[in-house]
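*Asks:* predicted model and sequence below, questions to follow.
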Amino acid sequence: MKTRSMAALTAILVVAPLIAVAPGPRAAAQARPGGSARSAESALVGGIDLDTVTIPELQARMARGSLSSVRLTLAYLRRIKSVDPKINAVLHTSPTALGQAAASDIRHRLGRTRGPLDGIPVLLKDNVNTRDMPTTAGSLALAGKPPAADAELVAKLRAGGAVILGKANLSEWANFRAARPTSGWSAVGGQTHNPYVLDRNPCGSSAGSAAALAASLAQVAIGTETDGSIVCPAGMNAVVGLKPSLGVVSPSGVVPISAEQDTAGPMARNVTDTALTLAVLSGGDPDPGLAAAAVRPGALRGKRIGLWRLPVLGAEVDALMTRTAERLRASGAEVVEVDLPYQVRLAELEFPALLSEFHRDIDAYLATRNGPRDLAELIEFNRVHPQEQSCFAGQELFEQALAAPPTTDPRYLAMRAELADLSRRSIDETMTGHRLDAIASPANPPAWTTDCGRGDNDVIPSSTPAAVAGYPSLSVPAGFVGELPVGLLLMAGKDQDAGLLSLGAAVEHRLDGRRAPRYLPTLPTG
């Protein structure tokens, strides 16, 4: 197609949906609860419920011509404008989002689509490098010039035709700055709120990614995890989050904590979209039959799942796990009680090892950016910028990392070797001994009240074995404790990502544990 005609078609694709979708004064006036026109906050667009629609359903509509990527992208941009002020999850929207969507619509019309994410709006956690938007890790120290190049995972999303919609807020420095941080807070973005109850915490560090998905502000989002930072926010916001096996998704261009544990991963409102996004991020082939297999009668029959209860998360969460086990057994699964070994020792070793790794890896990353050139300069930056202290002042983890042994030190090497051995054995021995297809545990407690003075009030040990081992873990909505979501965390062995997603889709279908948020200001006392 000639350049001039391509430009003309792009303009038509962008402008026509603006005319079709933008409400006039009368429609805006009628957009009230109970009125004849839909509210601007509605998750409905062209008869599609954004809260429940899947990527395959969207692609089918785009293939038929009954939906365009431009119209879908506009719908999400409108929801961000109307809904995000309640939850403060989105830092930036891309000025090129509609142009990306228009290009996708052209590919759809010409039959040249690039895969399952072509034309699908995606939010990125703001510790993933983008050449055309700031990448700050939530810190004012990185709030200047954007990185020179996209992260490798962003390049793969663009190559797959995804619409990079914008950047999501996060816990500053992925919750690796202060001893008592407040999850979901950053100096750049302020505090992200849990969409279910607004004075409750969204968990971190992928807080904005999870909260935005819960509020249907994008179709999928990218989070990152060192230990719990995908699966806890997913559970606490009633969405799906996959921490892939280490190395499945490239870490290049992602602000680090530890190369030994860090991974980016997909988050969505359903397992199908999560799996399709992973295929693009990893360069693998998507499973076209995942959704159909999940709803097939008997999909869970004969599956053996080990339930690691973790009563430390409270009686109400434990009661939800009991109900979850009963529902899985009713679907033909065998659920057995398990207790993972070596957890006390893992807890003793993980943090000291991460301190050494953070010093090494953050120095290497900062050398690629404008701003502080190493950890020592970053500490000094925080000391002299009051905005960095407006929620919590501490940077104890930075200071401890600066003094930690280097990663060449024999003490560190022994710690990391023991961590790798015990974490893998904790999962492998449990799965082999009980002949399990997966291990299940609660992903999170009910969300605590956000409080800058106190910091987080979290005890979440379930993510550690898979995080330290580099094995996959998947959080799917399990249900609610009152108004607050709780996720079911599924873990499996090395490189068992595909099998875990397949099992997770069947579990998700059986539990049906998600509902849309109501944005309650608070919970009644008592």
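*Replies:* Yep, it's here.
*Asks:* just checking, next helix/strand downstream of the helix or strand that contains Met267?
*Replies:* Using DSSP states H and E, Met267 sits in strand 263-268. Once the chain leaves strand 263-268, the next helix or strand it forms, by DSSP H and E, is helix 271-282.
*Asks:* what does the helix or strand hosting Leu123 rub up against?
*Replies:* Leu123 is located in strand 121-125, with elements delineated by DSSP H and E. Under the contact criterion CB atoms under 8 Å, 6 or more residues apart in numbering, strand 121-125 has outside partners 72-73, 76, 90, 97, 101, 130, 154, 157, 162-168, 170, 205-206, 208-209, 212-213, 217-224, 264, 277. Backbone N, C-alpha and C define where each C-beta goes, glycine included.
*Asks:* list the neighbouring strands of that strand plus their orientation.
*Replies:* strand 163-168 (parallel), strand 220-225 (parallel) (DSSP bridges).
*Asks:* next SSE downstream of that strand?
*Replies:* Using DSSP H and E, the helix or strand that follows strand 121-125 in sequence is helix 152-159.
*Asks:* just the C-alpha atoms of that next one, please, in PDB.
*Replies:* In PDB, the C-alpha atoms belonging to helix 152-159 read as follows (Å, rounded to 0.1, in the frame of the first residue of the first chain):
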ATOM      1  CA  GLU A 152      13.300  -6.900  25.300                       C
ATOM      2  CA  LEU A 153       9.900  -8.000  26.500                       C
ATOM      3  CA  VAL A 154       8.400  -4.700  25.200                       C
ATOM      4  CA  ALA A 155      10.100  -5.200  21.800                       C
ATOM      5  CA  LYS A 156       8.300  -8.600  21.700                       C
ATOM      6  CA  LEU A 157       5.000  -7.100  22.600                       C
ATOM      7  CA  ARG A 158       5.400  -4.500  19.900                       C
ATOM      8  CA  ALA A 159       6.500  -7.100  17.400                       C
END
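*Asks:* look up how far Leu511 lies from the residue nearest to Leu501 when sequence neighbours are not counted.
*Replies:* Once flanking residues are discounted, Leu501 sits nearest to Ala275: 4.6 Å by CB to CB, 6 or more residues apart in numbering. Ala275 sits 17 Å away from Leu511, going by CB to CB, to the nearest Å.
*Asks:* cool, Ser331 as well?
*Replies:* Note on Ser331: its distance to Leu511, by CB to CB, is 9 Å.
*Asks:* give the buried residues for the helix or strand Gln100 falls within.
*Replies:* Here Gln100 sits within helix 97-110, counting by DSSP H and E. For helix 97-110, the neighbour count (16 or more other CB atoms under 10 Å) marks 97-105, 107-108 as buried.
*Asks:* by contact count, what packs against that helix?
*Replies:* Applying 3 or more CB pairs under 8 Å, 6 or more residues apart in numbering; DSSP states H and E, one finds that helix 97-110 contacts helix 3-21, helix 55-64, helix 69-87, strand 163-168.
*Asks:* could you redo the last one with a cut-off of 6 Å?
*Replies:* Using 3 or more CB pairs under 6 Å, 6 or more residues apart in numbering; DSSP states H and E, the elements in contact with helix 97-110 are helix 3-21, helix 69-87, strand 163-168.
*Asks:* who does the residue positioned nearest the centre of the chain form a beta bridge with?
*Replies:* By CA atoms, centre = their mean, the chain has its centre lying nearest to Gly223, at 3.7 Å. Per DSSP bridges, the residues bridged to Gly223 are Gly265.
*Asks:* residues touching Thr272, list them.
*Replies:* Going by CB atoms under 6 Å, 6 or more residues apart in numbering, Thr272 touches 54, 290-291.
*Asks:* what's the nearest residue to it if we skip its chain neighbours?
*Replies:* Per CB to CB, 6+ apart, closest to Thr272 is Ala291, 4.5 Å.
*Asks:* host element of that neighbour?
*Replies:* Per DSSP H and E, Ala291 falls inside helix 290-295.
*Asks:* list the buried ones in that helix?
*Replies:* Applying 16+ other CB under 10 Å to helix 290-295 flags 290-291, 294 as buried.
*Asks:* between those, which sits nearest Arg61?
*Replies:* Arg61 lies nearest to Ala291 out of the buried residues of helix 290-295, by CB to CB, at 15.6 Å.
*Asks:* could you point out which element follows the helix or strand of the chain with the lowest mean pLDDT?
*Replies:* Every helix and strand of the chain was ranked by mean pLDDT, DSSP states H and E. The lowest is helix 25-30, at a mean of 32. Moving toward the C-terminus from helix 25-30, the next helix or strand (DSSP H and E) is strand 44-45.
*Asks:* shaky segments in the protein?
*Replies:* 1-42, 526 (pLDDT under 70).
*Asks:* switch the cut-off to 50
*Replies:* 1-40 (pLDDT under 50).
*Asks:* quick one: contacts of whichever strand or helix holds Gly499?
*Replies:* Element membership of Gly499 [criterion: DSSP H and E] is helix 497-511. Here helix 497-511 makes contact (CB under 6 Å, 6+ apart) with 244-245, 271, 275, 290, 294-295, 299-300, 327, 331, 438, 472, 474, 476, 478, 490, 492.
*Asks:* from the residues you listed, which would you call buried?
*Replies:* By neighbour count, with 16+ other CB under 10 Å, the contacts of helix 497-511 hold 244-245, 271, 275, 290, 294, 299-300, 327, 331, 438, 472, 474, 476, 478, 490, 492 as buried.
*Asks:* give me the subset of those residues that lies in helices.
*Replies:* By the criterion of DSSP state H, membership of the buried ones among the contacts of helix 497-511 in helices covers 271, 275, 290, 294, 327.
*Asks:* out of these, who's nearest Gln389?
*Replies:* Of those, the one sitting nearest to Gln389 (CB to CB) turns out to be Val271, at 40.2 Å.
*Asks:* tell me the spatial nearest neighbour of that closest one, not counting adjacent residues.
*Replies:* Nearest residue to Val271 in three dimensions, chain neighbours excluded: Ala505, at 4.1 Å (CB to CB, 6+ apart).
*Asks:* ok and the strand holding Leu123 relative to helix 55-64, angle-wise?
*Replies:* Per axes from the mean of the first three to the mean of the last three CA atoms, to 10 degrees, the angle that strand 121-125 makes with helix 55-64 is 140 degrees.
*Asks:* and strand 121-125 with helix 152-159, angle?
*Replies:* Interaxial angle of strand 121-125 relative to helix 152-159 (the same axes, to 10 degrees): 170 degrees.
*Asks:* distance from strand 121-125 to the middle of the chain?
*Replies:* Its chain's C-alpha centre and that of strand 121-125 lie 9 Å apart, by CA atoms, centre = their mean, to the nearest Å.
*Asks:* can I get it as PDB, trimmed to CA atoms?
*Replies:* Below are the C-alpha coordinates for strand 121-125, written out as PDB (Å, rounded to 0.1, in the frame of the first residue of the first chain):
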ATOM      1  CA  PRO A 121      -4.100  -2.900  25.000                       C
ATOM      2  CA  VAL A 122      -1.400  -3.700  27.500                       C
ATOM      3  CA  LEU A 123      -0.200  -1.800  30.600                       C
ATOM      4  CA  LEU A 124       3.400  -2.100  31.700                       C
ATOM      5  CA  LYS A 125       4.700  -1.900  35.200                       C
END
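*Asks:* Glu320 in helix, strand or coil?
*Replies:* Not Glu; residue 320 is Leu. helix (DSSP: H, G, I helix; E, B strand; the rest coil).
*Asks:* next: the one 5 residues further on.
*Replies:* Judged by three-state DSSP, the three-state class of Ala325 is helix.
*Asks:* cool, and Leu242?
*Replies:* Counting by three-state DSSP, the backbone at Leu242 sits in strand.
*Asks:* burial count for it?
*Replies:* Residue crowding around Leu242 was assessed by other CB atoms under 10 Å; the count is 33.
*Asks:* partner residues bridging it?
*Replies:* Using DSSP bridges, the bridge partners assigned to Leu242 are Leu474.
*Asks:* all helices of the stretch 351-500 of the chain, in order?
*Replies:* Secondary structure of the stretch 351-500 of the chain (DSSP state H, counting those that start in this stretch): helices located at 375-384, 396-403, 410-434, 464-469, 497-511.
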